[in-house]
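Student: model the following, please.
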Amino acid sequence: MGIRLYSEPELKDPVMFCGWPGIGNIGIIAIDTLRMVSHAEEFGEIEPWEFFDPYKVVIRNGLLKELLFPSNKFCFRKLDGRDLLFFIGEQQPAELGRRYAEGQKAYQMANLVLDVAQRFGCRRIYTSGAAVTQIHHTAGSRVWAVPNSEKLIPEVKGYENTILMSETEGRGEQGVITGLNGLLLGVAKKRGLEAVCVMGEIPYYLEGAPWPYPKASKSVLEVLANVIGIKVDLNRLDELTVKVEEQIENFLDALFRNEAIPTQFKEEIERLKDAERTRLGPITEDEKKKMMEHIDELFNQGGWKDEKSV
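Tutor: Numbers count the residues shown, from 1 in each chain. Coordinates of the predicted model:
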C-alpha cells in the first residue's frame with residue numbers, strides 16, 4: 001500500500017487542489033475541470049488495493065486478465081508564477097457501508113495525499129464539495145468556505161460570491177463537513193499546512209438526486225480560477241446547467257401532477273423560490289429530518305438510486 005510516482009516534477013511552491021465524488025458531484029466537477037483546462041499532466045497515484053474493492057473484472061479468451069479499481073491520481077502543471085498539484089479520486093474510501101469516508105482508511109488516504117503535497121513543497125491545499133442548504137434550484141449558488149486557520153479568514157472573505165460557513169451558523173447547530181473534504185482540513189492543520197474547503201450551494205431536496213449540480217460547480221470553479229489567476233471557459237458548465245435544470249423541473253412537475261409527494265413539501269419548495277437569501281442558511285437536524293421524510297421516495301422512483309450523467 002502506498003504512493004506510486006511515475007516522475008518527479010520540479011515544482012516551486014505549488015498549490016494543491018483535491019476532488020472526490022460527492023453530493024451533486026460539485027467538488028469533483030470543479031476540480032477536474034480546473035485540471036483539464038490547465039492541461040495538467042498525470043505523474044502518480046495512490047495504490048488502491050487497501051482502500052477499495054474492484055468494480056470490474058476483465059476477462060479475455062476465458063481468462064481473468066486484471067481487476068479494475070477506482071483510480072486516485074496525482075497531476076501537476078507548471079504555470080507562470082504558480083505551479084499546481086491536483087489529486088483526483090474516483091471514490092472515497094468508506095467503511096462498513098457508510099456513504100462518506102471516515103475511519104482508518106480515510107485517515108490513511110488523507111495522509112498519503114498530504115505526503116505528496118509536502119514532498120513537492122506545497123503549503124496550501126484546497127478541497128471542494130457541496131453545501132446543502134435552503135435554496136431553490138433556480139437560484140444562483142454561493143460558495144461556502146471553511147479555512148483551517150484563523151489567519152486565512154481575511155483572505156477567504158475577499159473571495160467573490162463566497163461566505164464563511166461560520167457566518168451561516170447561529171441556529172443551534174454547528175456546521176459539518178463530511179468525508180475527506182473535512183478530514184483533509186484537519187490533517188493538514190495538524191501538519192502545519194494551510195487548507196480551505198470551498199463548497200457550492202445545492203438545495204437540500206436535491207441532496208439525493210441522480211444528477212450532477214453544475215451550477216454550484218461553476219461557482220466553485222470561478223473562485224478557484226481567481227485564486228490562481230487563470231481564465232476558464234465556463235460554457236460547458238452553463239450548457240450542462242440548462243439541461244439539469246430542465247430535468248429537475250420536469251421531474252418535480254411530474255411528482256406534483258401525480259400528487260406523489262405531500263402538499264406540504266410542494267409548498268416548501270415554492271416558498272424557497274421567493275425567500276430572501278440573506279435569511280437562508282443551513283438547516284438544523286430537526287428541520288432536516290422533517291423536510292427529508294419524503295426525499296428518498298423522490299429519487300427511488302423509476303429506479304434512480306445511482307448517479308446519472310446528462
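
Student: what packs against the longest helix that the chain contains?
Tutor: Secondary structure of the chain per DSSP state H: the longest helix is helix 235-257. When contacts are defined as 3 or more CB pairs under 8 Å, 6 or more residues apart in numbering; DSSP states H and E, helix 235-257 packs onto helix 26-37, helix 214-228. From N, CA and C alone the C-beta is placed, and that goes for glycine too.

Student: again, 10 Å this time
Tutor: Applying 3 or more CB pairs under 10 Å, 6 or more residues apart in numbering; DSSP states H and E, one finds that helix 235-257 contacts helix 26-37, helix 214-228, helix 263-274, helix 295-300.

Student: what's the neighbour count on residue 262?
Tutor: 11 (other CB atoms under 10 Å).

Student: so where is the stretch 201-310 of the chain shaky, pLDDT-wise?
Tutor: Low-confidence segments of the stretch 201-310 of the chain (pLDDT under 70): 276-310.

Student: any idea how far residue 35 is from residue 275?
Tutor: 36 Å (CB to CB, to the nearest Å).

Student: what number of residues lie near residue 51?
Tutor: Neighbours around residue 51, by other CB under 10 Å: 23.

Student: who's in contact with it?
Tutor: 1, 69-70, 72, 89, 91-95, 101, 105-106, 108-109, 112 (CB atoms under 10 Å, 6 or more residues apart in numbering).

Student: swap in 8 Å and give it another go.
Tutor: Contact analysis of residue 51 by CB atoms under 8 Å, 6 or more residues apart in numbering lists 1, 72, 93, 105, 108, 109.

Student: can you pull out the strands in this structure?
Tutor: Assigned by DSSP state E, the chain shows strands spanning 3-5, 15-19, 41-46, 56-60, 63-68, 72-79, 82-89, 124-133, 143-147, 162-164, 194-203.

Student: so can I have TSV of the ones you listed showing mean neighbour count and distance to residue 234?
Tutor: As requested, the strands of the chain are exported to TSV (neighbours: other CB atoms under 10 Å; distance: least, CB to CB, whole Å):
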stretch	mean neighbour count	distance to residue 234
strand 3-5	12	32
strand 15-19	26	17
strand 41-46	18	23
strand 56-60	10	33
strand 63-68	10	32
strand 72-79	20	19
strand 82-89	23	19
strand 124-133	26	16
strand 143-147	24	14
strand 162-164	18	17
strand 194-203	26	13
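
Student: re the thing from before, compare residue 275 and residue 35 (neighbour count), which wins?
Tutor: residue 35 (23 against 14).

Student: not counting residues beside it along the chain, what's closest to that one?
Tutor: residue 86 (4.6 Å; CB to CB, 6 or more residues apart in numbering).
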